[in-house]
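Trainee: Quick one: sequence plus predicted model below, questions after.
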Amino acid sequence: MKTKIFFVTTNHNKYLEACSIFRNSDFLIIHKEDKYHEIQSNDLEPIVRYGLKTLSSKGIYPIMIEDSGLFIKNLNGFPGPYSSYIFNTLGNSGLLKLMKKIDDRQAVFKSVLGYSTSSSSIKIFEGCVSGKITTRQVGKSGFGFDPIFIPDGYTETFSQMNIETKNSLSHRGKSIYLLKNCLEI
Ligand code: ITT
């Protein structure tokens, strides 16, 4: 029988990416479509630690949450931890407009994953991927900033890749694989 891991996220695509990574394993990812309180911080890790702390009152274990953001070099790391808000307000077209006159389009996607088996046991896993912001949206799959992000060494956006290829390169793929490796030791 597989061991269940509850993934608390409002983002169905994150859940699908995690399922793909754990597909042939002894673990089963269960989607818990819940919100948790996200504190304001310039770093992702305190947001994740606080989120797990607030969720501990529900007593759902083992549990994982993940916070991610796009850090654009020429915008001093903006939108970073505010990525969700910026995506929901400006969207990709607004962000591309904001970057119209910017030549240096380097950016980093970061992911911090928190995994907890009790209120006193929290493990943190991090992943990041460097790449470039495109000048127009390309591709149909994925979500969020996928149509405007090309990982370094590639010519396609995340939106043009299938879920397995994206997972093998992406910030979240890396943090989830670290969790998987840790659980399989
Ligand atoms: P949670 O409920 O898990 O918090 P969320 O969608 O609000 O879901 P985040 O705050 O972690 O997730 O993500 C911030 C935003 O960054 C997210 O809404 C996307 O727009 C964007 N983002 C994060 N990871 C991405 C990825 O792999 N590809 C494209 N955009 C991504």
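Mentor: Now that the structure is in, tell me what you want to look at.

Trainee: Find the residue ranges of this protein scoring beneath the pLDDT cut-off.
Mentor: Along the chain, no part satisfies pLDDT under 70.

Trainee: Just the strands from it, written as ranges.
Mentor: Ranges of strands in the chain, per DSSP state E, are 3-8, 27-32, 63-72, 79-80, 106-118, 121-133, 149-151.

Trainee: Looking at the protein, which residue is nearest the ligand?
Mentor: Nearest residue of the chain to the ligand: Gly144, at 2.4 Å (CB to the nearest ligand atom). All C-beta spots, glycine's among them, are computed from the backbone N, C-alpha and C.

Trainee: Test my guess that that residue contacts Asn88.
Mentor: No. Using CB atoms under 8 Å, Gly144 makes no contact with Asn88, being 9.8 Å away.

Trainee: Name the residue in the two with the higher neighbour count.
Mentor: Gly144 (21 against 9; other CB atoms under 10 Å).

Trainee: wait, does stretch 165-177 contact the ligand?
Mentor: Yes. Part of stretch 165-177 sits near the ligand under the criterion CB under 6 Å from any ligand atom, namely Ser170, Arg172.

Trainee: for the residue nearest to the residue of the chain closest to the ligand when sequence neighbours are not counted, what are its contacts?
Mentor: Leaving aside its sequence neighbours, Gly144 sits nearest to Phe87 (CB to CB, 6 or more residues apart in numbering; 5.5 Å). Neighbouring residues of Phe87 by CB atoms under 8 Å, 6 or more residues apart in numbering: Pro79, Gly144, Phe145.
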